[in-house]
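Peer 1: model this:
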Amino acid sequence: MRFPNQRLARLFATLQNETLPQDELARRFAVSTRTVRTDITTLNELLADHGVRFVLNRGEGYQLKIEDAKRYGRLQHQSPSPLRIPRSSTARVRYLLTRFLTSAFSLKLEDLADEWFVSRATLQSDMAEVREHLARYQLVIETRPRYGMKLFGSEMAIRTCLTDLLYEIAQQDVDDPLLNQEALNSGILVTLQPLLNHCLSHFNIRVTDDGEFYLRLYCAVAIRRISEGYPLSDFSADDVDTEVRDAARHLITLLRPLAGKAISPSEEAYLRINIAARRIEEISPDAISPDDGESLVNYILSYINTHYNFNLLDDNQLRADLLTHIKTMITRVRYQINIPNPLLANIKQHYPMAWDVTLAAVSSWGKYTPYAISENEIGFLVLHIGVGLERHYNVGYQRHPQILLVCDSGNSTARMIQAMLMRKYPQIVVTSILSLREYEQQENIEEDFVVSTARLGEKNKPVVVMSPFPTEYQLEQIGKLVLVDRTRPYMLEKFFDANHFLIIDRPMTQAELFRTLCDKLEKEGAVDQEFHASVVEREAIVSTMLGEGIALPHSLGLLAKKSVVYTVLAPQGISWGDETASVIFLLAISKSEYEEAMAIYDLFVTFLRERAMPRLRDSQDFASFKQVAAECLSRM
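Peer 2: Residues are numbered from 1 along each chain as shown. Purely as a prediction, here's the structure:
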């Protein structure tokens, strides 16, 4: 039975599972209660010959009433599940991808439009995204008049694309019908789980849970493709460890009955590579000997030391972690095996400094190697580099409270009070100790606040009175000032100024913007001529768009003579790759201030979390921009 429109199909599916009043149905389907009543009447007319109808129970709602169980059973058995009808653009794109990747015949959009209760024009619009997705795997869709559309490409690319797609879907919903009914043989993932786990355990091969699930998906995809007459052919690979080779051979033996056909040596070779690419190594660094891995680790650490002043060359733990990861990474990039990184977006947004350092090093190394390292792989490396930076450097820079201690009771009393404060609040820094007379001679106080044993007249900073043996109340008053976050406001004051603030109220390209800003910085002596070329090169590697219309262009390495943040507001927007940037921060960071200046990344992450881009973009001048920025920082 086919429903006249998608809403009726959804209404039928909804009311089969629960009893709902018409008000709730109207809210769920964004229609009036009158429309709900009309739809129920239409449904009952359609269901009249199938032994079932919907009745209204006062106080409860519409309920399914079965009048002939046999006829209703036949209806359920014959009708396609409404859950297998895509209801959003994202779902339609996934369903279209699955159909093209699994269909042996040409597909017509008219047939799919009838099946999914949408117009052909809607599917035609979705096809742009489908083609773009397939192009990443060198797959193309060709159209033949009267026959429809068919997918063309290598079998390896088809399998990789389908496995990646199903992995992405599973991250959001493991019960998605595409996983369990459309793309794979029914129940195959459950059948494969014990077989795969036993095989990996028997041959002492450790993989992550994600790695095991991806391997299981690949095996399920391979079984379907082999059983339908699409085997891999002419694939060969370098030899692997004995354990991996034996595990692949054993697993092929287990898969053969499920596929129902002979499995070629090429299938076994590709399975070996997939297992090797996801294996967790548990050997010591001394036992790791691949030249590519060793040279890559040395190059990355040397590059970071030379260009960013972070010396991690002697961190043996970091070397061990990188070598262990890179050994399997080289296998993946050599055979173009992609491991999805579900944390990639979070890594780029929340660890932007470690991301930039690692990306610059890997991109530079990429000029001397035939391998192309994907963003997903770089994301995994960022986590290792980030941990190394945290072990050795104050990359999460914090400005500790600076305190002026005023005491007229002698040096011993002052030292006692200083020790007491440090014990209670170890994050404070007592910059100097003055007498009352010396304090009165000061014109301005540079510290954040003053702690005094006697009442003082305030100058430009707060004063807290504290007795030599303070009460709990006095310590609490000091604590209120100590625990104020001064890091972000300090960064805002130090690195942002009106001289490096620009509002662009006309159309401008990204290239024009870079040229304009770099010329200004070069004229004032903040950067050299090479800075502009480095900014352009960095942008060409991966977009510096942080998100929400905020972009952070910068150079590869610390090339500035002095640290400057050039703030640009572009109400009309500037095209930034596939996105549009409205708030741009051009970073010029010097080697002399690298550790402190790197903490300004935290400001930009704060703007992102606060969704502050529209308010920043609409600022009329630097004063209003700074006010909006300060408000965002005060809430964190």
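
Peer 1: what ranges do the helices span in the stretch 101-250 of the chain?
Peer 2: Using DSSP state H, counting those that start in this stretch, the helices of the stretch 101-250 of the chain run over residues 109-116, 120-135, 155-172, 177, 188-202, 209-227, 242-259.

Peer 1: Could you tell me the least trusted of the ones you listed?
Peer 2: If the helices of the stretch 101-250 of the chain are sorted by mean pLDDT, helix 177 sits at the bottom with a mean of 80.

Peer 1: what about the strands in the chain?
Peer 2: Secondary structure of the chain (DSSP state E): strands at 52-57, 61-66, 140-144, 148-152, 402-406, 429-434, 449-452, 463-465, 501-503, 545-547, 550-551, 564-576, 579-588.

Peer 1: Point out the most buried one among those.
Peer 2: Highest mean neighbour count of the strands of the chain: strand 550-551, a mean of 24 (counted as mean count of other Cβ atoms under 10 Å). (Glycine included, C-beta is placed from N, CA and C.)

Peer 1: strands paired with it, and their directions?
Peer 2: Using DSSP bridges, strand 550-551 pairs in its sheet with strand 545-547 (antiparallel), strand 579-588 (parallel).

Peer 1: quick check: angle from the last one to strand 564-576?
Peer 2: The one in question is strand 579-588. Taking axes from the mean of the first three to the mean of the last three Cα atoms, to 10 degrees, one finds that strand 579-588 is oriented at 160 degrees with respect to strand 564-576.

Peer 1: Pull the residues that contact strand 579-588.
Peer 2: 510, 513-514, 517, 521, 526-527, 531, 535, 543, 545, 549-555, 559-560, 562-571, 573-574, 600, 604, 607, 613, 616-617 (Cβ atoms under 8 Å, 6 or more residues apart in numbering).

Peer 1: can we see that at 6 Å?
Peer 2: Applying Cβ atoms under 6 Å, 6 or more residues apart in numbering, the contact partners of strand 579-588 are 517, 521, 526-527, 545, 549-554, 560, 564-568, 570, 573-574, 613, 616-617.

Peer 1: and if you look at stretch 298-309?
Peer 2: Counting by Cβ under 6 Å, 6+ apart, 310-313, 357, 361, 364-365, 557-558, 591, 594 sit against stretch 298-309.

Peer 1: What are the buried residues along that stretch?
Peer 2: Buried residues in stretch 298-309, defined by neighbour count with 16 or more other Cβ atoms under 10 Å: 299-301, 303-304, 307-309.

Peer 1: Over to stretch 518-530?
Peer 2: Within stretch 518-530, the residues that qualify as buried are 518, 520-521, 526-527, counting by 16+ other Cβ under 10 Å.

Peer 1: Same question for stretch 224-240.
Peer 2: Of the residues in stretch 224-240, 224-226, 231-232, 235, 240 count as buried by neighbour count, 16+ other Cβ under 10 Å.

Peer 1: how near is the residue lying closest to residue 442 once chain neighbours are set aside to residue 452?
Peer 2: Closest residue to residue 442 apart from its sequence neighbours, by Cβ to Cβ, 6 or more residues apart in numbering: residue 459 at 6.7 Å. Using Cβ to Cβ, to the nearest Å, residue 459 is found at 12 Å from residue 452.
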